[in-house]
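Novice: Provided below for reference: sequence and predicted model.
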Amino acid sequence: MQIKTILHPTDFYEYSNHAFEMACSLARDQGAAVVVMHVYPPPIAHGEVVTRRQPNGYHEELLQKLRGYQAQGLVAPISHRLEEGDTVAEIMRVAEEVNCDLIVVGTHGRSGLGRLLIGSVAEQVMRKAPCPVLALKGVPSAAPPPT
């Protein structure tokens, strides 16, 4: 299996950092491009819409955080996508749009009642993805998280 494009959805939590490191490692080995994406929920109220559109507001803050995901030694530069909407639906849409060959996603590793109440984005991505998915339970990272 040749991997040309790897999609890494992140929610900026520490457990996602391990998945990002793995995505970059695989990209180095395969000479693949990495697309790092974050999905944020749509606004609930009009005030939230106005606040998000302010210069240096919510959207810009998320975009800067997302651009902090960088890696050395990759053949192709990392690209960044900031999307608004349903997390799983947007991951599926972007996966199809960029024609990704692999999705590398981190997971909290919840089970039982916690997973039932909160749900699992990683699990839904595995069920619906148009390509293979590598789901990694987070482990403490020796490297500092992206800024």
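Specialist: In hand now; what should we look at? Because the structure is predicted, anything quoted here is derived from the model rather than measured.
Novice: so after the helix or strand bottoming out on mean pLDDT in the chain, what's the next helix or strand?
Specialist: When the helices and strands of the chain are compared on mean pLDDT, DSSP states H and E, helix 112-118 comes out lowest with a mean of 44. Using DSSP states H and E, the helix or strand that follows helix 112-118 towards the C-terminus is helix 121-128.
Novice: what residues does that next one touch?
Specialist: 9, 11, 87-88, 91-92, 103, 105-107, 115, 133, 135 (C-beta atoms under 8 Å, 6 or more residues apart in numbering). Where you see a C-beta, it was placed from the backbone N, CA and C, and this is true even at glycine.
Novice: Which neighbours in the sheet does the next helix or strand after that helix have, and how are they oriented?
Specialist: Once the chain leaves helix 121-128, the next helix or strand it forms, by DSSP H and E, is strand 133-137. Note on strand 133-137: by DSSP bridges, its sheet partners are strand 102-107 (parallel).
Novice: how far out from the middle of the chain is the partner strand?
Specialist: How far strand 102-107 lies from its chain's middle: 7 Å, per C-alpha atoms, centre = their mean, to the nearest Å.
Novice: Tell me which strands the lengthiest strand in the chain pairs with, and in which orientation.
Specialist: Counting by DSSP state E, the longest strand found in the chain is strand 33-40. Paired neighbours of strand 33-40 in the sheet (DSSP bridges): strand 5-9 (parallel), strand 79-84 (parallel).
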